[in-house]
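Chemist: Sequence and predicted structure, then a few things I'm wondering about:
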Amino acid sequence: MILKSIGGKPLFVHLSIILIFFILTAILTFPVIANFGSEFAGNGPDIWNNVWKWWWTKYAFENNLDWLKTDYIFYPHGVNIGKESLFTMLFSYVFKFLDYVQIWNMLWFVGFVFGGYGSFLLAHHFNKNFIASLAAGAIFTFSTYHTTQAISHVDLAFIVWIPLSILFLFKMTETKSKINPVLVGVFLFLAVLTQLTYAFVMVAFVILFSIVYFIRKKGISNKTLLIHFLIAGSVFFIISIPLLLTISSALDEEPYKRPISEINTYSASIENIFLIPSSLQSIQHVTGYAFADSIYAIFGTSYMQVQMEQVIFLGITPLVLAGIAIVWFRNKHFVFWIIILLVFTILTLGPELRFLNDLTGYILPGKMLYDSIPGWDFNRVPARFVVMATLSLSVLSAYAIDGIMKQRIKSSKKAITLGVIIMFFILLEFAAIPYPTTAQEI
């Protein structure tokens, strides 16, 4: 019923969209699908960090222990493991009858498939264009940020709830239906449960959304919108109470202020956003990294000097499409998405502007946030804010494709052909074949 109500279309259409993103994920990240039952998608030590948490969750529940704190490591003082990644820990317990490789790969695939599906629905809400919305879903879910984080951070790769939260935020500004704010509260809770980083992302987004849509003209009154926000907040708080009570013991230590040097280390350098492609991209493999190496040579740096967290290239095709949208195709929500793109791009840069991967001395808003907001330092990787910049870029790209197809080309057949060609270039740019996989070792 919810699937049908989201887009007003039959359920089989939504299932078809999900199937399309499943097929695209299987192709663009091959051979993950071929090794689904035998090797973890990705590589790196954080895989084992997550898997150990899953083992501990199952062991703790079965032996009446605290699943968020353990002294089985860092004995005798122990360590809290319940400040983030709670969704994946609970997910692993629900599917405890599977082995860890299968659980990891299931989460991994769902993150890609439904990340694309959710952003498809969000873009389709604005333009009602299937190909443009499909392109938006592909830009978001196969983005450099997503494929890079999925290497070892399956919780950060689970971006499913972000576009769904935002979709229903927009819906609750348009009608008096009370189901929309309820769903906003539920999806925001799930986003926070999945990864604490996304709590910072969504709080920042909701604040900006509130400021813009209490000011601008909309389908409902400010009074009704305020009621909707109160409903969403109440739902979020009510379903969060058990979680807050559960994790209270995991937050009882003296808070540790992360040094600003650490925050700067994990901030994006400006060329990482606009110029430096990912080493995962298939086109890089085909060209022997010629393009990337030439860029790095100009800047006098190398892949080895770039942190994984800084690999957040927005992509040539989406940037060109967004530019076309800005110049020629301005939807009524256009200004809002430009604001989101600019604000979250700035947030990815952290407290101090970096260029050529070196600090420049130019202070950014991230420094004020670090100094003035308690707990802001816990989000130690500002570069992760790019997830929202990527989402806004995907919506703007959909505006451009929809505008070109409907306004610039008279023949519907030619318009669809052009849309398919643009979609092809998007997929070509973000394909990550072969995607690394790792066999489970003892």
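Modeler: Happy to help now that I have it.

Chemist: In this structure F168 contacts N180, no?
Modeler: Yes. Checked against C-beta atoms under 8 Å, the pair F168 and N180 is within contact range at 4.9 Å. All C-beta spots, glycine's among them, are computed from the backbone N, C-alpha and C.

Chemist: Of the two, which one has the most company?
Modeler: Using other C-beta atoms under 10 Å, the more surrounded residue of F168 and N180 is F168, with 27 against 21.

Chemist: Might you list the low-confidence residue ranges for the stretch 201-350 of the chain?
Modeler: Where the stretch 201-350 of the chain drops to pLDDT under 70, the residues are 245-256, 284-307.

Chemist: Go again with 80.
Modeler: Along the stretch 201-350 of the chain, segments meeting pLDDT under 80 span 217-218, 242-257, 276, 279, 281-310, 331.

Chemist: got it, and the stretch 1-150 of the chain?
Modeler: For the stretch 1-150 of the chain (pLDDT under 80), the answer is 1-9, 82-84.

Chemist: Longest helix in the protein, please.
Modeler: helix 100-127 (DSSP state H).

Chemist: and the helix or strand following that helix, which residues are buried?
Modeler: Following helix 100-127 in sequence order, the next helix or strand is helix 130-141 (DSSP states H and E). Buried residues in helix 130-141, counted by 16 or more other C-beta atoms under 10 Å: I131, A132, S133, L134, A135, A136, G137, A138, I139, F140, T141.

Chemist: packing partners for the helix or strand H228 falls within?
Modeler: H228 belongs to helix 222-247 when elements are defined using DSSP H and E. The contact analysis (3 or more C-beta pairs under 8 Å, 6 or more residues apart in numbering; DSSP states H and E) places helix 222-247 against helix 179-194, helix 196-215.

Chemist: Could you list the buried residues of it?
Modeler: Neighbour-count burial for helix 222-247 flags L225, I227, H228, F229, I231, A232, V235, F236, S240, I247 (criterion: 16+ other C-beta under 10 Å).

Chemist: try stretch 358-371
Modeler: L359, L364, G366, K367, L369, Y370.

Chemist: where's the residue nearest to I33 when sequence neighbours are not counted relative to G42, distance?
Modeler: Closest residue to I33 in three dimensions, ignoring its sequence neighbours and counting by C-beta to C-beta, 6 or more residues apart in numbering: A26, at 4.1 Å. A26 sits 16 Å away from G42, going by C-beta to C-beta, to the nearest Å.

Chemist: just the buried residues of stretch 358-371 now: which is nearest S411?
Modeler: L364 (47.2 Å; C-beta to C-beta).

Chemist: ok, now which ones touch the closest one?
Modeler: Counting by C-beta atoms under 8 Å, 6 or more residues apart in numbering, L364 makes contact with I346, L349, G350, P351, E352, L353.

Chemist: give the contact list for the first one.
Modeler: The neighbours of I346, taking C-beta under 8 Å, 6+ apart as the test, are L364, P365, G366.

Chemist: quick check, nearest of the residues you listed to T148?
Modeler: Distances from T148 to the contacts of I346, taken by C-beta to C-beta, are shortest for G366, at 20.7 Å.

Chemist: between the contacts of L364, which has the most around it?
Modeler: Going by other C-beta under 10 Å, G350 tops the contacts of L364 with 28 neighbours.

Chemist: re the thing from before, can you redo the buried residues of stretch 358-371 as JSON lines with secondary structure and pLDDT?
Modeler: Formatted as JSON lines, the buried residues of stretch 358-371 follow (DSSP: H, G, I helix; E, B strand; the rest coil; pLDDT from 0 to 100):
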{"residue": "L359", "secondary structure": "strand", "pLDDT": "85"}
{"residue": "L364", "secondary structure": "coil", "pLDDT": "93"}
{"residue": "G366", "secondary structure": "helix", "pLDDT": "91"}
{"residue": "K367", "secondary structure": "helix", "pLDDT": "92"}
{"residue": "L369", "secondary structure": "helix", "pLDDT": "91"}
{"residue": "Y370", "secondary structure": "helix", "pLDDT": "90"}
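
Chemist: just to revisit the earlier point, okay, the buried residues of helix 130-141 in TSV with distance to F95 next?
Modeler: Formatted as TSV, the buried residues of helix 130-141 follow (distance: C-beta to C-beta, whole Å):
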residue	distance to F95
I131	35
A132	35
S133	31
L134	29
A135	32
A136	30
G137	25
A138	27
I139	30
F140	26
T141	22
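
Chemist: just curious, which of those is nearest to P277?
Modeler: Out of those, the member with the shortest distance to P277 (by C-beta to C-beta) is I139, at 14.6 Å.

Chemist: Can you list the residue ranges for strands in the stretch 301-442 of the chain?
Modeler: 352-355, 358-363, 437-439 (DSSP state E, counting those that start in this stretch).

Chemist: Out of these, which is closest to L90?
Modeler: L90 sits nearest to strand 437-439 of all the strands of the stretch 301-442 of the chain, at 23.7 Å, using C-beta to C-beta.

Chemist: Give me the packing partners of the closest one, helices and strands only.
Modeler: By 3+ C-beta pairs under 8 Å, 6+ apart, strand 437-439 packs against strand 39-41.

Chemist: Quick check: what element follows the strand it packs on along the chain?
Modeler: Sequence-wise, the next helix or strand downstream of strand 39-41 (DSSP H and E) is helix 46-62.

Chemist: could you say what helices and strands the next helix or strand along the chain from that next one packs with?
Modeler: Counting by DSSP H and E, the element after helix 46-62 in chain order, helix or strand, is strand 69-70. Strand 69-70 makes packing contacts with strand 79-80 when contacts are defined by 3+ C-beta pairs under 8 Å, 6+ apart.

Chemist: Give me the distance between the strand it packs on and the centre of its chain.
Modeler: Centroid separation for strand 79-80 versus its chain: 26 Å, with C-alpha atoms, centre = their mean, to the nearest Å.
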